[in-house]
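# what follows is a predicted structure for the sequence shown.
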Amino acid sequence: MPVLHNRISNEELKKRMLEETEKRITVSFYKYFHINSPETFRDELYKQFYTLNVFGRIYIANEGINAQASVPESNFDAFRDALYAMAPELNGVRLNIAVDDDGRSFWVLRAKVRPKIVADGIDDPEFDSSKMGTHLKAAEFNDLAAQPDTIVVDMRNHYEYEVGHFENALEVPSDTFRDQLPMAVDMLADKKDQNIIMYCTGGIRCEKASAYLLHNGFKNVFQLEGGIIEYTRKAKAEGLPLKFIGKNFVFDDRLGERITDDIISNCHICGKPSDTHTNCANNGCHLLFIQCEECAKEYDGCCSAECRDENRLPEEEQRARRAGRENGTMIFNKSKDHPLRKRIR
Ligand SMILES: [Zn+2]
Ligand SMILES: [Zn+2]
């Protein structure tokens with residue numbers, strides 16, 4: 001039986017993955033359904049996926065499962081069969097295959113039990129997440145979005161919207177989904193009778209967000225089925241006009257897949273057009289921000305001269321400097337007073 005926690009270093013695992021010769025397929029899926037014992041479910045799933053050499057990040061909660069995985073091509077059918085057989089609700093679940101994929105997105109399998117698969121902060125006992133907005137397929141989305149009284153709402157984070165979004169989509173500028181739900185209700189308060197279409201990366205957020213709007217008295221609430229990922233796949237397969245412009249941000253090593261050639265954002269350092277997200281190379285920073293190729297060279301992949309200089313110090317000295325300094329996950333935010341922002345002005 002495989003161990004649930006790997007004891008090999010991250011670097012070693014990444015190296016092994018890069019040395020593989022077989023092609024991998026990056027796939028994501030989710031399903032809201034009741035899981036009685038998430039721990040038992042997790043252990044069983046881990047065992048089966050581990051055997052098939054699947055990598056990825058999987059969250060399991062009482063409310064369902066949310067997963068991103070990287071599967072060796074030759075094991076893909078076995079992976080799908082195993083998943084479909086794991087619970088009746090998972091039989092036939094939609095598998096979103098990444099569009100622009102080099103198969104290098106994960107190098108270890110992690111399966112975690114969480115209180116929810118999507119943290120929503122909703123504690124209203126009256127809220128019923130099964131009463132959700134009407135699902136729209138790509139063609140239906142294009143038709144409805146083109147109507148004058150329709151509002152398209154982006155339910156992702158600000159840094160995702162920044163590099164790519166649907167034409168005329170409304171941004172709900174919040175750092176977390178939890179804050180975004182009440183903010184969306186406020187922003188749309190006088191539009192309760194209009195058509196509202198919500199979308200996100202893979203559809204999982206909008207199952208809840210659309211239900212939340214209906215719960216708050218909105219009448220015509222729709223959601224894009226399978227999110228941007230499924231929309232792009234369908235639109236391309238059916239030859240429909242692509243209404244999404246730019247890049248679709250994804251939470252794996254690639255940090256985004258290109259949908260159209262448009263570059264709609266700018267380098268956070270020099271302001272030139274760029275939509276390449278990166279994490280600051282300084283281990284004491286890791287800021288998520290947009291950096292053009294020239295700035296990446298000039299700053300060694302760091303967000304600032306300070307970070308570059310620190311990153312060039314011997315490892316021990318870097319560690320000493322980091323000690324006692326707060327180092328959370330930082331994300332460049334236009335609306336906040338980050339040092340990077342001050343330099344751009
Ligand atoms: Zn630049
Ligand atoms: Zn930095």
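Alright, I've got the coordinates. Numbering: from 1, shown residues only. Ligands and ions are numbered 1, 2, ... in the order given.
# what helices or strands is the helix or strand harbouring residue 69 leaning on?
Of the helices and strands defined by DSSP states H and E, residue 69 is found in strand 64-72. For strand 64-72, the packing partners by 3 or more CB pairs under 8 Å, 6 or more residues apart in numbering; DSSP states H and E come out as strand 24-32, strand 55-61. No exception for glycine: its C-beta is placed from N, CA and C like everyone else's.
# out of these, which comes closest to residue 151?
With distances scored as CB to CB, the stretch of the helices and strands packed on strand 64-72 nearest to residue 151 is strand 24-32 (24.8 Å).
# please name the strands paired to that closest one in the sheet, noting orientation.
Strand pairing for strand 24-32, using DSSP bridges, gives strand 64-72 (antiparallel), strand 96-97 (antiparallel).
# strands along the stretch 101-250 of the chain, start to end?
109-113, 134-136, 150-154, 164-166, 170-171, 195-199, 220-224, 244-248 (DSSP state E, counting those that start in this stretch).
# got CSV for the ones you listed, with mean pLDDT and distance to residue 33 too?
Converted to CSV, the strands of the stretch 101-250 of the chain look like this (pLDDT from 0 to 100; distance: least, CB to CB, whole Å):
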stretch, mean pLDDT, distance to residue 33
strand 109-113, 96, 15
strand 134-136, 97, 16
strand 150-154, 98, 26
strand 164-166, 98, 29
strand 170-171, 96, 30
strand 195-199, 98, 21
strand 220-224, 98, 18
strand 244-248, 95, 26
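# ligand 1 is nearest to which of the ones you listed?
With CB to the ion, the closest approach to ligand 1 among the strands of the stretch 101-250 of the chain belongs to strand 244-248: 16.5 Å.
# just how off-centre is that closest one within its chain?
Once both centres are worked out by CA atoms, centre = their mean, to the nearest Å, strand 244-248 turns out to sit 14 Å from its chain's centre.
# and what of stretch 43-50?
Its chain's average C-alpha position is 23 Å from that of stretch 43-50, according to CA atoms, centre = their mean.
# avg pLDDT for it?
The average of the pLDDT scores along stretch 43-50 is 97.
# contact residues of the stretch 201-345 of the chain facing ligand 1?
For the stretch 201-345 of the chain, the residues in contact with ligand 1 (CB under 5 Å from the ion) are 267, 269, 270, 292, 295.
# related to what we said a few turns ago, so which of the strands of the stretch 101-250 of the chain comes closest to residue 19?
strand 109-113 (17.4 Å).
# between the strands paired with strand 24-32, which one is closest to ligand 1.
So among these, strand 64-72 is nearest, using CB to the ion, at 29.5 Å.
# rewinding a little: and the strand holding residue 69, how far out from the chain middle?
Distance of strand 64-72 from the chain centroid (CA atoms, centre = their mean) equals 13 Å.
# quick one, the top helix by length along the chain and strand 55-61 angle?
If you go by DSSP state H, the chain has its longest helix at helix 38-51. Going by axes from the mean of the first three to the mean of the last three CA atoms, to 10 degrees, helix 38-51 is angled at 160 degrees with respect to strand 55-61.
# columns distance to residue 238 and mean pLDDT on top of the helices and strands packed on strand 64-72, output as a markdown table?
Below are the helices and strands packed on strand 64-72 laid out as a markdown table (distance: least, CB to CB, whole Å; pLDDT from 0 to 100):
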| stretch | distance to residue 238 | mean pLDDT |
| --- | --- | --- |
| strand 24-32 | 21 | 91 |
| strand 55-61 | 29 | 95 |
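# which one of the ones you listed lies closest to residue 42?
Shortest distance between residue 42 and the helices and strands packed on strand 64-72, using CB to CB, is found for strand 55-61: 4.9 Å.
# how big is the angle separating that closest one from strand 109-113?
Angle of strand 55-61 versus strand 109-113, following the same axes, to 10 degrees, is 10 degrees.
# including distance to residue 32 and mean neighbour count, could the strands of the stretch 101-250 of the chain go into CSV?
Below are the strands of the stretch 101-250 of the chain laid out as CSV (distance: least, CB to CB, whole Å; neighbours: other CB atoms under 10 Å):
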stretch, distance to residue 32, mean neighbour count
strand 109-113, 16, 17
strand 134-136, 13, 17
strand 150-154, 20, 21
strand 164-166, 24, 24
strand 170-171, 25, 18
strand 195-199, 16, 26
strand 220-224, 13, 26
strand 244-248, 22, 22
